[in-house]
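>>> Sequence and predicted structure, then a few things I'm wondering about:
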Amino acid sequence: MQTDIPVKEVMTTVVCTVRKNDSVHNLAKRLVEYGVGSAVVIENGTPVGIVTEKDLISKIVARNKVPSEVSVEDVMSQPVITINPNTSLREAARIMMKRGIRRLPVVNNSGELVGIITDNDILSVSLDLGEFASLLTQDAVGYPGPVQGPVIESEEEDISGICDRCGKYSDTLYSINGLRLCEDCTEVER
């Protein structure tokens, strides 16, 4: 993974937010509305906490509490760990691993929330960079190119995994010339 890409190039700028005095029931509705697994708790535009699916399971569901009767403040994790938009992806990943977290709110110099980056964001970028590196390799001098001669018949396999050519995850891989390829790379190979 390229280490100098700042998180501002990858982060999500539309962040699911809630207030401390909101009910957990309203929080859950917002999570569903945004299609995400966490919400940043905001006070005067500044993150003061975060609530994740894990918090809801361990602090509400496992304790058999009624979501409409519990406030966000009672379940949020605090203090929230934040980074600035110019933090590198490598540093963001290091912070996540060291702290055992999967999400980092991104704040500007005034402390205001401007985005969020997740472990999945970093993973998807690293896979995309792997595809880019593969393209560079193919264009490099001395790269032999595709195997010449007849293409071996492709056989669809009921397996999923990482494409041998581009490095992206695919639900269905095809066996072409001894490689396990995604649908896009299969078309290029032919």
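Yep, that arrived.
>>> So V114 sits against V107, correct?
Yes - the pair V114 / V107 is scored as a contact, 6.4 Å apart, by C-beta atoms under 8 Å. No exception for glycine: its C-beta is placed from N, CA and C like everyone else's.
>>> which residues touch the helix or strand hosting E73?
For E73, the host element (DSSP states H and E) is helix 72-75. Residues outside helix 72-75 that contact it (C-beta atoms under 8 Å, 6 or more residues apart in numbering): 18-24, 27, 39, 41, 49, 51, 55-56, 59-60.
>>> Name the residue in V114 and V107 with the higher neighbour count.
For the pair V114 and V107, the greater number of neighbours falls to V107 (20 against 15), based on other C-beta atoms under 10 Å.
>>> follow-up on the earlier one: okay, buried residues for the helix holding E73 please.
Within helix 72-75, the residues that count as buried by 16 or more other C-beta atoms under 10 Å are 72-73, 75.
>>> Check which helices and strands the helix or strand following that helix sits against.
Remark: after helix 72-75, the chain's next helix or strand is helix 89-99, criterion DSSP H and E. Here helix 89-99 touches strand 103-107, helix 119-139, going by 3 or more C-beta pairs under 8 Å, 6 or more residues apart in numbering; DSSP states H and E.
>>> Now do stretch 86-96, average pLDDT.
Mean pLDDT, stretch 86-96: 91.
>>> So for the chain, the centremost residue is which one?
By C-alpha atoms, centre = their mean, the mean C-alpha position of the chain lies nearest to N120, the distance being 1.8 Å.
>>> Report pLDDT for the residue nearest to that one when sequence neighbours are not counted.
Leaving aside its chain neighbours, N120 sits nearest to R102 (8.0 Å; criterion: C-beta to C-beta, 6 or more residues apart in numbering). Listed pLDDT for R102 reads 94.
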